[in-house]
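Undergrad: sequence first, predicted coordinates after that:
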Amino acid sequence: MTERDAPGEEPVIKLRGVRIERGEHLILDGIDLAIPRGSVTAVLGPSGSGKSTLLHAITGELTPQSGTIEVFGQPVRPRNSAELLELRRRIGVLLQGNGLLSDLTAGENIGLPLRAHTKLPDDLIRRIVELKLNAVGLRSAIDLFPRELSGGMMRRVALARSLALDPPLMLYDEPLTGLDPIASAVIVTLIKQINQTLGVTSVVITHHMRECLPICDRAVIIANRKIIFDDTPDQLERSNDPLVRQFVNGEPDGPIAFDAGRQPARQEAA
């Protein structure tokens with residue numbers, strides 16, 4: 001039995017009392033969050049609310065000032081480089097900027113993680129690359145360079161690369177940014193298909209609420225340095241909380257400050 005089909009109730013990601021500061025600015029405070037195995041969870045919130053900061057903490061790029069973060073039941077310890085490297089091999093990350101190397105073909109970009117972390121022969125790597133590209137509908141693009149691809153195609157190649165090592169956890173950082181409605185619909189559909197077909201756990205950091213919520217099991221909203229909502233999309237639509245309603249309805253005036261100005265951490269703690 002693999003880790004993907006193990007029936008245990010332990011969440012894949014668990015945060016308890018997480019507080020994150022950058023310099024004198026408090027970004028997140030008292031974050032408690034559990035991501036169920038096999039789910040698709042949307043993490044929503046205004047720009048600058050700390051959504052991407054949360055992702056960086058989960059992958060160990062940021063160290064919380066207090067609180068604990070566990071992934072796959074193990075604490076995330078950024079200062080333990082060997083342990084952190086092993087953890088990151090089990091996490092696929094789709095960056096909003098794609099991160100493709102311009103002087104490598106699509107196939108070579110996807111093959112990078114395989115060459116860095118395995119000793120597989122070239123012919124087998126080529127076959128895996130073909131399978132990953134086929135999964136995102138771009139097998140014919142294997143020998144094309146990023147400059148020869150559209151924005152939506154580049155995003156799909158980046159998605160295929162994030163799947164190269166068959167990670168049980170996928171993190172998507174603003175996957176729809178800069179895409180037209182058709183390309184966005186393709187990416188959203190792929191996220192759902194990958195989750196169902198491969199049995200992965202997916203976390204989608206996004207402000208594209210209407211596009212992403214239909215494929216999600218849970219929705220989390222971050223605002224004012226806190227989690228203000230954590231429930232199903234259906235409950236989100238029914239919520240009467242003023243913070244939630246302001247965000248869902250896109251209202252400029254309300255309890256969520258438009259400029260999302262961050263107060264100094266020492267002031268917030270007072």
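TA: On my side now, so go ahead.

Undergrad: end to end, how far does stretch 38-56 reach?
TA: End-to-end distance of stretch 38-56 (Cα to Cα, to the nearest Å): 21 Å.

Undergrad: would you check how far apart residue 148 and residue 56 are?
TA: Per Cβ to Cβ, to the nearest Å, residue 148 is found 31 Å from residue 56. Any C-beta I mention is one placed from the backbone N, CA and C, and that applies to glycine too.

Undergrad: pick out whichever of these two has more residues nearby.
TA: residue 56 (16 against 12; other Cβ atoms under 10 Å).

Undergrad: can you tell me which residues contact that one?
TA: Contacts for residue 56 were tallied using Cβ atoms under 8 Å, 6 or more residues apart in numbering; they are residue 62.

Undergrad: and the next element down the chain from the helix or strand containing residue 33?
TA: Using DSSP states H and E, residue 33 maps to strand 25-35. Next along the chain after strand 25-35, taking DSSP H and E as the criterion, comes strand 40-44.

Undergrad: what bridges to residue 223?
TA: Beta-bridge partners recorded for residue 223 (DSSP bridges): residue 226.

Undergrad: wouldn't it be in contact with residue 44 here?
TA: No - the pair residue 223 / residue 44 is not scored as a contact, 9.0 Å apart, by Cβ atoms under 8 Å.

Undergrad: which one of the two has more residues nearby?
TA: Comparing residue 223 with residue 44 by other Cβ under 10 Å, the one with more neighbours is residue 44, at 26 against 22.

Undergrad: find the nearest non-adjacent residue to the more buried one, please.
TA: residue 221 (4.9 Å; Cβ to Cβ, 6 or more residues apart in numbering).

Undergrad: tell me what the helix or strand harbouring that neighbour is packed against?
TA: Assigned by DSSP H and E, residue 221 belongs to strand 218-223. Other helices and strands packing on strand 218-223, by 3 or more Cβ pairs under 8 Å, 6 or more residues apart in numbering; DSSP states H and E, are strand 25-35, strand 40-44, strand 226-231, helix 233-238, helix 242-249.

Undergrad: out of the ones you listed, deepest packed?
TA: Between the helices and strands packed on strand 218-223, the one whose residues have the most neighbours on average, counting mean count of other Cβ atoms under 10 Å, is strand 40-44 (a mean of 25).
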